[in-house]
Structure formats: C-alpha cells, structure tokens
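Engineer: Dropping a prediction and its sequence here:
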Amino acid sequence: MIQDIDPSKFDIAFKNLKPQATDFILYFNKNGEILIKAEGRRLLFPSAKNPPATEKIIYLFSVDEKRYFLAVTQDEISLAGFSYQGLRELRGNCGNADLLVAFTAYHLWRWYTDNHFCGRCAAELSFSETERALVCKKCGNTIYPRINPAVIVAVTKGDSLLVTRYRNGYNHNALVAGFTEIGETLEQTVAREVMEETGIKVKNISYYKSQPWGIAQDILVGFFCEADGDDEIRLDENELKFAQWLKRDEIELQPDSISLTNEMMKMFKEGKLTAKFFRELK
C-alpha cells in the first residue's frame, strides 16, 4: 500500500524549521496539481536552493534524511524541466515513497489554503510555532488539520465477494466505501454504507487495516464482513454504476497495488480469509 515504504522512514512530527538548500519545497496550483519532474518511476521535487518570494513556507515532514516544505500558495511558478501534474495521473507511475510525499503534501496544502481566516472572529490566521496548527492571535482560536474518517468494506458471501465500481471518478473495481457520520461508530458506518449502496445487511464485522489517503484528506479504515440473509443487490445508482457478487477467479484487481481496497480484494481472491485469519483479527 502507499504507506509501505520500508526500509525508508516517514516522519510527520511537526518541527519549526526553515528550509535549507538541501531541502525540497512543494508547490501546488489552484487546481491541486503538484509541480514535479518525472524520471522513470521517480518523482523529483523542486529544490529549496531558490525559495519563492513568499513568507508562507512551512515544514511538512521528512522521508529518511530528505526534508519537505510547502509553499502555501496557489500561484503557479515556472521551473525548467518541471511541470504541474494531477495526483491521479501519478498513481501507478511512481514509487510508494514519492507518492506518499505527494498525497500527504496535498492533504496539508488543501487544509492550509482552505483556512486563511478564523471561523470564530474572521481575523487572519497565523502558523503555530509549536504544533501543526493555525492560530488566531485575536481571539485565541486554534485550528488543527482536518482528517475525514472513511470505511472500505469487503462484504463476503461464501466464496463470493461484493465488488463495485463508482459512478464517477476511479474507473476500476472497488469495494463499498463511505464517510463516517457524526455520532456513528466505524462499525455502524460499515453497516449503513453497505445497506445504502447495495441493500445488503451485514454481520461479523471485523477490522482489518487503515490507510492514510491524502488525495481526499481521508483516513481509510478497512473492514471485512459477511452478508446477513438476503443477498439480492439493490444498487444505489447515484453512487455506483456496478455491484456484483464475484467468485475469486472472476475478480479483476486494480492496476496498481497502492490502495487498501486492492489489498483487501487480493486477500479474498487468493483465499487468505480463513477462520484462522479472522481469529487473529479479533
């Protein structure tokens, strides 16, 4: 998955730093495209040797010894050999570490650029010098990065898996997915989303893994469960264009291996969801 970058180490801890010549500065334009140079399956990011004429540069994170900063702007800049590319275009075309950098940087860029003014008193916000936060110096309001919890659900029925395709956006096989509502547990989200999108009741809901997904500002939480009773699919055509029970050999995996969804489909396809597997999840 995207976060599997061993032996490299990703460190998101906040540090109040200024960029040095050996660091990198990440730029996004108003469309959320990132400025990069592609070399094979590697992404090259702009050096911090010549930083832009803006005070709004903030430290993001590091991967091993490489430190990344963000230019909190939507203005486009020109660098020889670099171009702005959409994050979805990069998927499957580069290594996990570079993609994790781009996705996580986008998550934070989106948050910073969406929060210029205090929602309590309308004064301009400032960067905190002690934590990953924006602070209103007028009223003291502190704002932290927004993370949207969402579930990915693999619904099984014997040797069949409930496979879906979204109405819009990503065009490959997927699983039931949806955002957690206020007041819900994650397990309640699982049951509600499966019912709303496919009309299927579920039981034996078991947590599997989670995954950061910065392109949508999400934390994805994966669950396996079983169909409970009636297995007739009643498709929500506003959300999905396809939903079907597929046997293991009928399941076509996604063209890349970066997503939690694909890993869960692969687990089922390869027959790894044994009784022992579910006992170990408990």
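Structural biologist: Looks like it arrived, so ask away.

Engineer: so what are the domain limits for this structure?
Structural biologist: Residue ranges for the domains of the chain, per automatic domain parsing: 10-114, 148-281.

Engineer: Which one of these lies nearest to residue 142?
Structural biologist: Closest to residue 142 of the domains of the chain, according to CB to CB: domain 10-114, at 13.3 Å. To be clear about C-beta, it is placed using only N, CA and C from the backbone, and glycine gets the same treatment.

Engineer: Mind putting the domains of the chain into JSON lines with mean neighbour count?
Structural biologist: Shown next, in JSON lines, are the domains of the chain (neighbours: other CB atoms under 10 Å):
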{"stretch": "domain 10-114", "mean neighbour count": "16"}
{"stretch": "domain 148-281", "mean neighbour count": "17"}
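
Engineer: Mean pLDDT and distance to residue 134 for those domains - can I get that in CSV?
Structural biologist: Converted to CSV, the domains of the chain look like this (pLDDT from 0 to 100; distance: least, CB to CB, whole Å):
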stretch, mean pLDDT, distance to residue 134
domain 10-114, 90, 8
domain 148-281, 91, 15
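
Engineer: helices and strands around the top strand by length along the chain, which ones?
Structural biologist: Longest strand in the chain by number of residues (criterion: DSSP state E): strand 202-213. With contacts taken as 3 or more CB pairs under 8 Å, 6 or more residues apart in numbering; DSSP states H and E, strand 202-213 sits against helix 96-114, strand 148-157, helix 186-198, strand 218-227, helix 260-269, helix 275-281.

Engineer: picking that back up, and the domains of the chain as a markdown table, adding distance to residue 141?
Structural biologist: Converted to a markdown table, the domains of the chain look like this (distance: least, CB to CB, whole Å):
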| stretch | distance to residue 141 |
| --- | --- |
| domain 10-114 | 15 |
| domain 148-281 | 20 |
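
Engineer: Kindly provide the distance from residue 125 to residue 167.
Structural biologist: 36 Å (CB to CB, to the nearest Å).
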